[in-house]
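A.B. asks: structure, please.
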Amino acid sequence: MRPVTMTLPGDQRGFFRRLVPPTPLSRRLATQSMLFATGESTFMTGSAVFLTLVVGMSAGKVGIALTIMGVAEFLFAYPAGRVVDRLGPKRIWALSTLGRAGAFCALPFVSGFQEYVAVAIVFALFGSLGASSHQAYVLDVLPRHQRVETQAYMYSWLNVGHTLGAMIGGFALATDSLTVIRWTPFFAAAMMLANAFWVSRLPAAPHDLRVASGERRVKPTGPGPIRNVGWILTTFFMGVLWTNQVLLQIVIPLWLVEATDAPHVLLAWLFGTNTVLCIFLPAYTSKGVRNLQDALRYTYVSSAFFIASCIVTMVTHSTVGLITVLLVWLGHLTVTGAELAISGASWSFEAELSDPARRGEYQGVQEVSSALGFQWSPALYTWLALSWAGGLGWLVIAGIVVVATIGLVPSVRMAERFRDQHFPLEEEPGTGTGAEVDLAPEPT
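C.D. replies: Numbers count the residues shown, from 1 in each chain. Have a look, this model is predicted:
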């Protein structure tokens, strides 16, 4: 039975109190997100300086190395999901975090392109294992009615961690010391070790318990995700809708610099606005997602924001002064709205349309198909916006999103029919598995 929380008139908890996850387990998962993001962003903030001035690579070689890492992540994704199902999500999640800590420890001793590529491939391997195991664990350990809400809180705290990491990395850069920058990965490694310990203290999910008991040695019955065309298409189209991040991080900033008269310092305001909204709003914007129909509705909202961002940003090519500043900011604000809406939808699709007996494998297939829907977009969107038809390429970008949104509806329905025909009944955590997970919210 779902716990009921009494809400007093005016809700005396207040706005900031609402940002705290409501259950002990959701708070522990949110804390993990913050620890992980703090370590990652501490290094990423100064990574360009680290790779060029400390390691000594040219910008071109940095691009090649990162491309190799991206290809490796793509190739590792599906096998990593199979490993997660075989050995249990919590165990693999903790081990992958330890592996990332080791890779960070190796970075200060890297002295050239080949050595960095070797470390980057290690990052790709443990990154693939971590992505599949993390999401498989979250979906497995939480009851259905808490999955979207808890992931919204985790997303908020992830952004808190990114902010803290950026500040720490910024302090390291402010020292203007290559020695400090060289050893910054050790701080990231320390955060990964703390994260691994934190993960190891989480309760075992039902799948972990089945692995420990030997039950998981029996292969799940029924077809796997490779035969689930609806799931593959759904995650592909969701990858296309997630290209709002390409607008946010690449295309709009380049457009501001090359095609408008807006001051470059506006970029800091844009990214600051996005970060603040993604900290404070996910728990609110995801509350309307209760089933697949709600998730589809949120994809329409996300696409509407995406299209509005394209049109508003396109107009700034012909505006001047304060009008340009306000419109560029509005374009960035609307693409943030697209990000918030698609987040809630994606968490619902993952929870409702992946096989509970094959969580890791489904996550692996999702990583591959969503990458196919996303990875082509930076080059194409940049060319369309900045080099094609005097800015009218923004309308083509909007059209791509419209097509993906239209294609998502039959894809979801196809995946839903596959689920109803082939998936086993899902047990709620703590029922029939021996799991002892504190899922109830604290009284208010």
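
A.B. asks: list the contacts for residue 360?
C.D. replies: Neighbouring residues of residue 360 by Cβ atoms under 8 Å, 6 or more residues apart in numbering: 80, 81, 82, 83, 84, 85, 86, 89, 92, 132, 133, 136. All C-beta atoms are positioned from the backbone trio N, CA, C, and that covers glycine.

A.B. asks: now, these that are in helices?
C.D. replies: 80, 81, 82, 83, 84, 85, 86, 89, 92, 132, 133, 136 (DSSP state H).

A.B. asks: isn't the second one right next to residue 369, touching?
C.D. replies: Okay, so that is residue 81. No: judged on Cβ atoms under 8 Å, residue 81 makes no contact with residue 369 at a distance of 11.9 Å.

A.B. asks: what about these two, which has more around it?
C.D. replies: In this view residue 81 and residue 369 are compared by other Cβ atoms under 10 Å, and residue 81 has more residues nearby, 31 against 22.

A.B. asks: what's the pLDDT at that one?
C.D. replies: Residue 81 is assigned 93 on the pLDDT scale.

A.B. asks: swap in residue 202?
C.D. replies: pLDDT at residue 202 comes out at 94.

A.B. asks: and the ones in helices among the contacts of residue 360, which are buried?
C.D. replies: By neighbour count, with 16 or more other Cβ atoms under 10 Å, those hold 80, 81, 83, 84, 85, 89, 92, 132, 133, 136 as buried.

A.B. asks: what's the closest non-adjacent residue to the first one?
C.D. replies: So that's residue 80. Spatial nearest neighbour of residue 80, chain neighbours left out: residue 128 (4.0 Å); criterion: Cβ to Cβ, 6 or more residues apart in numbering.

A.B. asks: returning to what we had before: so can I have TSV of the buried ones among the ones in helices among the contacts of residue 360 showing distance to residue 199?
C.D. replies: TSV is the format used below for those (distance: Cβ to Cβ, whole Å):
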residue	distance to residue 199
80	16
81	18
83	16
84	13
85	18
89	10
92	10
132	14
133	9
136	13
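
A.B. asks: now, which of those sits nearest residue 410?
C.D. replies: residue 81 (25.0 Å; Cβ to Cβ).

A.B. asks: how about the contacts made by that closest one?
C.D. replies: So residue 81 contacts 132, 136, 360, 361, 362, 363, 364, 365, 367 (Cβ under 8 Å, 6+ apart).

A.B. asks: now with 7 Å, please.
C.D. replies: By Cβ atoms under 7 Å, 6 or more residues apart in numbering, the residues touching residue 81 are 132, 360, 361, 363, 364, 365.

A.B. asks: residue 405 too?
C.D. replies: Counting by Cβ under 7 Å, 6+ apart, residue 405 has contacts 241, 299, 300, 303.

A.B. asks: one step back: now the contacts of residue 360 as JSON lines including distance to residue 145?
C.D. replies: Listed next are the contacts of residue 360 as JSON lines, based on distance: Cβ to Cβ, whole Å:
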{"residue": "80", "distance to residue 145": "29"}
{"residue": "81", "distance to residue 145": "25"}
{"residue": "82", "distance to residue 145": "29"}
{"residue": "83", "distance to residue 145": "29"}
{"residue": "84", "distance to residue 145": "24"}
{"residue": "85", "distance to residue 145": "24"}
{"residue": "86", "distance to residue 145": "29"}
{"residue": "89", "distance to residue 145": "20"}
{"residue": "92", "distance to residue 145": "26"}
{"residue": "132", "distance to residue 145": "24"}
{"residue": "133", "distance to residue 145": "23"}
{"residue": "136", "distance to residue 145": "19"}
